[in-house]
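Undergrad: build me a model from this:
(one chain, ligands or ions: 2)
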Amino acid sequence: MTLLARLEEAAQEPRWAGAGPTGAWRDPAGANKPENALLGVMYVGDNSSSFFPFTVRAADGTDSIYRYTALQNQAAGSSTNIGTSLVGWEWDARVANGFEPPRVKTLSASAVNGNLIQNNGASYTTGPATSNAAKYTAASGALVFATGSNHWVRGLALNSDGEGEPDSRIQQTATNVFEDMGVAPATPVSGIVLDNPADPKVASTSPPDADTNVPITTKVTATFAADMDATTITSSSFTLRQPGGTIVPATVSYDATSRTATLTPSAQLANAVTYTAKLDTTVKNVTGRALPVAYTWVFTTIAPPTVLRINSGGAAYTSSGGNVFVGDQNFFGGATNSTTASITGTSDQTLYKNERWGSFSYAIPVTPGTYDIRLHFVEMYYSAPCAGKRIFSVDIGDTPASPDLPNLDICAQVGPNAALVKTLVGVNLTDGFLNIQSIYGTMDDPEIAAIEVYPSIVP
Ligand SMILES: [Ca+2]
Ligand SMILES: [Ca+2]
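TA: Ligands and ions are numbered 1, 2, ... in the order given. Okay, here's the model as predicted:
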């Protein structure tokens, strides 16, 4: 049992004698631990005079916490409102603040209206919002379920003041959540369905439910808790669907040793798409018992690989080969310089007529993956002979080599006002950014003329 308390209104909390000021968990100047890091959702607003229905959309309803209710079988695109006041008086929602745990799954989307917290509790405004119930499985294996508001429990029973809207769907959902946590009621009220231990059960899936950044080459697997009847696991009973409901062509197999069903798509999946995997109730175990309800889970494929070209120190430019370079961006520090001199060794002189120089870095957002990085350099300040007059290094923060380009002497390699290109192949960019850092060497300032990052041509 876990007891959670919160402080969300930094400006309004009392100051206890002898203690420091209390603050909001989410306050960046204080604890800086937003509540959604623990709960998957967090307080976003309230209304103490108007309450709202709890809204489960068709896609939310396919989650297994809604099993044994009609919420699982809503028409695509439709939704169900439960009660009139099961969302109030304070509401939570998912918040994209960078603190949300992996694989949080939205379980409701209820329209609300009232006070909306601003700036981590510094103030409020008023207006509409959407409240979310959600769940996720923590790294510890703990299942975390958040109801989305403090009124949700009024769907279980009347409170001591006679307030509430008891609803069998809320009661069944609560029962399901407890069963998923390993606690089954011994004396359920009439109408509540308990899991039958004899029924087949999905022990795990791959990708896991609500996973993101899934490779487009993924297979989809479900591992069962008991031996299954292989003849019931087919491309009809185990399916993968696109958002519109179209089935992804695939083959399905079952491995009895690992009790694992595997769906292999016939082609690569699309990027940045949420797919829905489903095991139907025709799937049976070796004793002939079927899945009591369809088992559905979702995952989202990775965004397309990044292709980005930057004209360091200059403006947007399309190369003679048709490659689009954007104007200088994603940099920190350094200064720019330019020349009107002709540049040799290139059909894209424009790229080399301006540069970023000094102590600079780049943090370029990229979809995680394997990339080639092409760096362009020029010596535009010194005239010949200039070998040895500028010696510097460049490091890619994402590689173990440090620096990746040591003791670069542009002029010694190609002379002044000439293009020098260095390509690093097969660089794994896993954290969402390509980090480039200039490093001062023995002579003068580092510089760079252009940067390209594109999916690796190396298999
Ligand atoms: Ca490096
Ligand atoms: Ca440039």
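Undergrad: what sits closest to the closest residue to ligand 1 within the stretch 201-350 of the chain if chain neighbours are left out?
TA: Taking CB to the ion, ligand 1 has its nearest neighbour within the stretch 201-350 of the chain at Phe332, 17.1 Å off. The way it works is simple: take the backbone N, C-alpha and C, and place the C-beta from them, glycine included. Nearest non-adjacent residue to Phe332, counting by CB to CB, 6 or more residues apart in numbering: Ser361, 5.0 Å away.
Undergrad: could you do Pro34 as well?
TA: Distances taken as CB to CB, 6+ apart place Arg26 nearest to Pro34, at 4.0 Å, with adjacent residues excluded.
Undergrad: tell me the pLDDT at that neighbour?
TA: For Arg26, the pLDDT comes out at 90.
Undergrad: hang on, it packs against Leu39?
TA: No. Counting by CB atoms under 8 Å, Arg26 stays clear of Leu39, with 11.5 Å between them.
Undergrad: the closest residue to Met443 other than its chain neighbours and ligand 2: what is the separation?
TA: Distances taken as CB to CB, 6+ apart put Ile391 closest to Met443, at 4.4 Å, once the chain neighbours are dropped. Here the criterion is CB to the ion, to the nearest Å. By it, Ile391 lies 20 Å from ligand 2.
Undergrad: residues near Ile391, how many?
TA: 19 (other CB atoms under 10 Å).
Undergrad: wouldn't it be in contact with Leu408 here?
TA: Yes. Using CB under 8 Å, Ile391 is in contact with Leu408, at 6.9 Å.
Undergrad: residues near Pro215, how many?
TA: 14.
Undergrad: list the neighbouring strands of the helix or strand where Phe360 lies plus their orientation.
TA: Assessed by DSSP states H and E, Phe360 sits inside strand 354-365. Sheet pairing of strand 354-365 (DSSP bridges) gives strand 331-338 (antiparallel), strand 433-443 (antiparallel), strand 447-448 (antiparallel).
Undergrad: just checking, next helix/strand downstream of it?
TA: Following strand 354-365 toward the C-terminus (DSSP H and E): strand 369-377.
Undergrad: what residues are up against the residue in the chain positioned nearest to ligand 1?
TA: Residue nearest to ligand 1 within the chain: Thr399 (3.7 Å; CB to the ion). Each residue near Thr399 by CB atoms under 8 Å, 6 or more residues apart in numbering is listed here: Leu424, Val427.
Undergrad: hmm, back to that, measure the residue of the stretch 201-350 of the chain closest to ligand 1 to ligand 2 for me?
TA: Distance from Phe332 to ligand 2, by CB to the ion: 17 Å.
Undergrad: burial measure for that residue, as a count.
TA: 10.
Undergrad: residues contacting it?
TA: Phe360, Ser361, Tyr362, Ala363.
Undergrad: how close does it get to Gly155?
TA: 51 Å (CB to CB, to the nearest Å).
Undergrad: now do the helices in the chain.
TA: According to DSSP state H, the chain carries its helices in the segments 36-39, 58-61, 168-180, 349-352, 410-414.
Undergrad: how does this structure divide into domains?
TA: 10-180, 202-301, 308-455 (automatic domain parsing).
Undergrad: between Ile391 and Leu408, which contacts overlap?
TA: Counting by CB under 8 Å, 6+ apart, the residues touching both Ile391 and Leu408 are Gly441.
Undergrad: quick check on the residue nearest to Pro34: phi, psi?
TA: Dihedral pair for Arg26: phi -80, psi 0, per degrees, to the nearest 10.
Undergrad: can you get me a residue count around it?
TA: 25.
Undergrad: what of Gln329?
TA: Neighbours of Gln329 (other CB under 10 Å): 12.
Undergrad: ligand 2 contacts on this protein?
TA: Asn311, Ser312, Gly313, Gly314, Leu351, Asn354, Ala449, Ala450 (CB under 5 Å from the ion).
Undergrad: who's the residue nearest to the second one when sequence neighbours are not counted bridged to?
TA: Of all residues beyond its chain neighbours, the one nearest Ser312 is Arg356 (4.3 Å), with distances taken as CB to CB, 6+ apart. Under DSSP bridges, the beta-bridge partners of Arg356 are Thr336, Ile448.
Undergrad: wait, what's in contact with Met228?
TA: Applying CB under 8 Å, 6+ apart, we find Met228 in contact with Pro200, Tyr254, Ala256, Arg259, Ala261, Val283, Lys284, Asn285, Val286.
Undergrad: how close does it get to Pro101?
TA: Distance from Met228 to Pro101, by CB to CB: 31 Å.
Undergrad: and for Asp63?
TA: 17 Å.
Undergrad: who has more neighbours out of those two?
TA: Neighbours were tallied for Asp63 and for Pro101 using other CB under 10 Å; the higher tally belongs to Asp63 (24 against 15).
Undergrad: correct me if wrong: the more buried one contacts Leu107.
TA: Yes. With contact defined as CB under 8 Å, Asp63 counts as touching Leu107 (5.9 Å).
Undergrad: what is in contact with the two at once?
TA: Residues touching both Asp63 and Leu107 (CB under 8 Å, 6+ apart): Lys135.
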